[in-house]
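Student: Compute the structure for the input listed below.
(one chain, ligands or ions: 1)
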Amino acid sequence: MRRQIIAGNWKMHGSRAENAALVETIVHRLPNSTAEVWVCPPLVYLAELARALGGSRVSLGAQNVCAETQGAFTGEVSAAMLRDVGCSGAIVGHSERRALYGESDQLVARKFAAVLAAGLTPILCVGEQLAEREAGRTFEVVDRQLDAVLDLSGVQAFTRAVLAYEPVWAIGTGKTATPQQAEEVHAHIRGRIAGRDAKIAALVRIQYGGSVKAANAAELFSMPNVDGGLIGGASLKAEEFLAIISAARS
Ligand code: PGA
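Tutor: Sure, this is the predicted structure:
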């Protein structure tokens with residue numbers, strides 16, 4: 001059985017005071033659920049939140065990472081640095097990084113490899129834009145994004161990684177994929193990995209992301225190939241995030 005994983009992607013939100021209040025509520029009211037729970041705050045807050053979360057069962061992740069290990073890369077942060085301050089992993093290939101910061105499939109694949117090499121867990125995001133879905137190209141797009149990583153790191157890498165299917169048209173729009181739309185793509189992604197190794201495919205967790213909220217979480221998480229969620233906006237509200245954790249399948 002795959003353990004569901006709920007991760008909060010805070011994006012560029014928060015302040016020291018807001019973060020402290022948010023994590024305190026999350027930690028103290030964490031539902032008695034078997035789900036794995038992560039929060040992914042902005043980089044500058046990671047070290048402080050690692051201390052605040054110490055001893056809790058909430059893991060810490062970064063939203064991005066440099067593909068290089070060290071050196072003259074002004075403004076960048078390595079995976080080893082993330083591990084050093086207490087991170088368990090990092091999101092790579094979020095659609096905002098791909099679309100707004102020009103990250104290619106190949107760069108995302110290198111970031112994925114860098115996170116693994118540091119002994120951390122990558123959360124690899126894939127997903128199609130609205131025009132691509134409407135053109136019937138959803139599978140082609142996620143296959144291309146996934147294959148870049150499979151080709152560089154090999155299928156074995158997926159024993160230590162998490163996937164997130166995030167249709168770009170559903171992110172921050174309030175327009176969630178239906179459970180059937182999510183399930184269809186999740187099953188496809190699992191099948192693509194099974195093409196390389198069926199055992200690894202059966203165990204890899206695939207989160208859904210895109211306007212998940214307390215009101216739609218249970219329905220999405222009940223789909224057989226949906227193993228939790230990557231939560232943006234709703235992860236900034238303690239009540240909503242806690243309710244989403246409670247909705248995880250046990
Ligand atoms: P959203 O964001 O939940 O606000 O749609 C999800 C994400 O971008 O990970």
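Student: my read: Ala50 touches Gly61, true?
Tutor: No: contact criterion CB atoms under 8 Å: Ala50 and Gly61 do not qualify, at 10.9 Å. The way it works is simple: take the backbone N, C-alpha and C, and place the C-beta from them, glycine included.
Student: okay, and the common contacts of those two?
Tutor: Cys87 (CB atoms under 8 Å, 6 or more residues apart in numbering).
Student: Of these two, which one has the most company?
Tutor: Gly61 (25 against 17; other CB atoms under 10 Å).
Student: Dig out what the more buried one forms beta bridges with.
Tutor: Judged by DSSP bridges, the bridge partners of Gly61 are Gly89.
Student: Tell me the pLDDT of it.
Tutor: You'll see Gly61 listed with a pLDDT of 98.
Student: same question, Gly174
Tutor: Value for Gly174, per-residue pLDDT: 89.
Student: what do you get for the one 10 residues further on?
Tutor: If you check Glu184, the pLDDT there is 98.
Student: Now do the same for it: helix, strand or coil?
Tutor: Following DSSP: H, G, I helix; E, B strand; the rest coil, Glu184 is assigned to helix.
Student: Just give the number of residues close to it.
Tutor: 16.
Student: now the helices for the protein?
Tutor: For the chain, the helices defined by DSSP state H cover 16-28, 46-53, 79-84, 95-100, 105-117, 130-134, 138-153, 179-194, 198-203, 214-221, 238-246.
Student: Show me what the fifth one is packed up against.
Tutor: Secondary-structure packing of helix 105-117 (3 or more CB pairs under 8 Å, 6 or more residues apart in numbering; DSSP states H and E): helix 79-84, strand 89-92, strand 121-126, helix 138-153.
Student: Redo those as a markdown table? Include mean pLDDT, mean neighbour count and distance to the ligand.
Tutor: Converted to a markdown table, those look like this (pLDDT from 0 to 100; neighbours: other CB atoms under 10 Å; distance: least, CB to the nearest ligand atom, whole Å):
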| stretch | mean pLDDT | mean neighbour count | distance to the ligand |
| --- | --- | --- | --- |
| helix 79-84 | 98 | 20 | 18 |
| strand 89-92 | 98 | 27 | 8 |
| strand 121-126 | 98 | 26 | 7 |
| helix 138-153 | 98 | 18 | 15 |
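Student: Throw these into CSV and include distance to Ile200, thanks.
Tutor: CSV is the format used below for the helices and strands packed on helix 105-117 (distance: least, CB to CB, whole Å):
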stretch, distance to Ile200
helix 79-84, 22
strand 89-92, 18
strand 121-126, 14
helix 138-153, 10
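Student: what sits against the residue in the chain positioned nearest to the ligand?
Tutor: Residue of the chain nearest the ligand, by CB to the nearest ligand atom: Gly232 (2.2 Å). Gly232 makes contacts with 9, 11, 171-172, 209, 211, as judged by CB under 8 Å, 6+ apart.
Student: Narrow those residues to those in strands?
Tutor: Judged by DSSP state E, the subset of these located in strands is 9, 209.
Student: What subset of the contacts of Gly232 is buried?
Tutor: Using 16 or more other CB atoms under 10 Å as the burial test, the contacts of Gly232 include 9, 11, 171, 209, 211 as buried.
Student: Now do the spatially most distant residue from the centre of the chain, the pLDDT please.
Tutor: Here the centre of the chain is the reference, and by CA atoms, centre = their mean the most remote residue is Ala72, at 28.1 Å. Model confidence at Ala72, given as pLDDT, is 98.
Student: How about Gly54?
Tutor: On the pLDDT scale, Gly54 gets 92.
Student: Next, count neighbours for the closest residue to Ala148 other than its chain neighbours.
Tutor: Distances taken as CB to CB, 6 or more residues apart in numbering place Asp105 nearest to Ala148, at 3.7 Å, with adjacent residues excluded. As a burial measure, Asp105 scores 19 neighbours (other CB under 10 Å).
Student: again with the one 10 residues further on
Tutor: Counted with other CB under 10 Å, the neighbours of Val115 add up to 31.
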